[in-house]
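Q: missing the sequence, but the structure's below:
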Ligand SMILES: NC(=O)C1=CN([C@@H]2O[C@H](COP(=O)(O)OP(=O)(O)OC[C@H]3O[C@@H](n4cnc5c(N)ncnc54)[C@H](OP(=O)(O)O)[C@@H]3O)[C@@H](O)[C@H]2O)C=CC1
Ligand SMILES: O=C(CO)COP(=O)(O)O
């Protein structure tokens, strides 16, 4: 039927398109909504997303859609993949158009601008408590997922039936392995904090440090993520999985990561604005550093790497000085605190 779909994806950038390709390749009719009609027209004409995923064909079951009302009427399964700073705004836009049986999942990685709230709090504030919610998080570069290269991800949510249905929709023996997780909070936090640590790893490589420093940042980044997670009620074990260690290793070590590339550019002496412009896509960790820092301060959680990245991004500290400060911290036990 023309106007029905198994799932609707909101956000036609690199990751929204990659997830839509993956869903459609699994045989599910998938509507992909984007806010720029011209961009959606290009997707239809080119049968690919030349701006974000050049050269990767869109499957026939992926239907680009410029009208939000049509997109939301087509399915009760709504996957939101817009940057975190517009997440609340897009939900507010969607709310009056949502079907009564709508269920909302997001793959956005970040915290609410300024407040540092988890996106579940934003979703509940905007939508109320009646819609089932879920989150996708884990080490998944859009380009590889879209190209059908093997990928694994984790999912958690408020409603077991919804998360099970999402696993069914997303899971593919050939391209995407989906792990169910029961830590809704932990999955959201992992996706936000890893971006900050990835900037730190990029900074370290950019100023000429090596594999030892990068690996120390990943390892201690995992410690500070876990500390913050436990303070907000997440399970420490979550961070040893896809949305913690998995995403940290991916984004701290591979130059497909925009957050890592942003840090690299800053470490080499580039300014914040120029580095963002060079990347030309969302760098979630830039804003999210402020939000993670704010959240950690509010809860009294020690996050030395986040603190130094914050000082480089927002207080004009030189990357070298930030690195020196991290190294010159008091001796401490690896296992305590
Ligand atoms: N790319 C990846 O590999 C992964 C990304 N993610 C997460 O997915 C989220 C989206 O990132 P990604 O797709 O990569 O980002 P991109 O920069 O590739 O695309 C962002 C998209 O969001 C659109 N957008 C911006 N503002 C709005 C708005 N108000 N309403 C609707 N759409 C809007 C942009 O449109 P326009 O171009 O017109 O501004 C663009 O199409 C982020 O939170 C990211 O961390 C998670 C895992 C992997
Ligand atoms: O979240 C991602 C991979 O899991 C994408 O990372 P970047 O946003 O740093 O490109």
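A: Great, that's in hand. Computed from a prediction, not measured in an experiment: that's the story for all the values here. Ligands and ions are numbered 1, 2, ... in the order given.

Q: contacts and neighbour counts: CA atoms only from here.
A: Fine.

Q: what is the longest strand of the chain by residue count?
A: Counting residues, the longest strand found in the chain (DSSP state E) is strand 151-157.

Q: could you say what helices and strands the helix or strand following it packs with?
A: For strand 151-157, the following helix or strand on the C-terminal side (DSSP states H and E) is helix 160-170. For helix 160-170, the packing partners by 3 or more Cα pairs under 8 Å, 6 or more residues apart in numbering; DSSP states H and E come out as helix 14-25, strand 133-137, strand 151-157, strand 176-180.

Q: mind checking if the last one is in reach of ligand 1?
A: No: using Cα under 6 Å from any ligand atom, strand 176-180 never reaches ligand 1; the gap is at least 13.3 Å.

Q: which single helix of the chain contains the most residues?
A: As assigned by DSSP state H, the longest helix anywhere in the chain is helix 184-206.

Q: which strands or helices does the longest strand of the chain pack on?
A: Against strand 151-157 (3+ Cα pairs under 8 Å, 6+ apart) you get strand 133-137, helix 160-170, strand 176-180, helix 184-206.

Q: now what about that strand, what contacts it?
A: 132-140, 144-145, 163, 167, 175-184, 187, 242-243 (Cα atoms under 8 Å, 6 or more residues apart in numbering).

Q: filter those residues down to the buried ones.
A: By neighbour count, with 16 or more other Cα atoms under 10 Å, these hold 132-140, 145, 163, 167, 175-184, 187, 242-243 as buried.

Q: and the gap between residue 176 and residue 289?
A: 29 Å (Cα to Cα, to the nearest Å).

Q: correction: the previous question concerned residue 139.
A: Counting by Cα to Cα - residue 139 and residue 289 are separated by 19 Å.

Q: same thing with residue 157?
A: 25 Å.

Q: so between those two, which is more surrounded?
A: The neighbour comparison of residue 157 against residue 289 (other Cα atoms under 10 Å) goes to residue 289, with 29 against 24.

Q: what is the helix or strand hosting the more buried one packed up against?
A: Following DSSP H and E, one finds residue 289 within helix 284-299. When contacts are defined as 3+ Cα pairs under 8 Å, 6+ apart, helix 284-299 sits against helix 184-206, helix 258-267, helix 304-314.

Q: try it again with 7 Å
A: If you count contacts as 3 or more Cα pairs under 7 Å, 6 or more residues apart in numbering; DSSP states H and E, helix 284-299 packs onto helix 184-206, helix 304-314.
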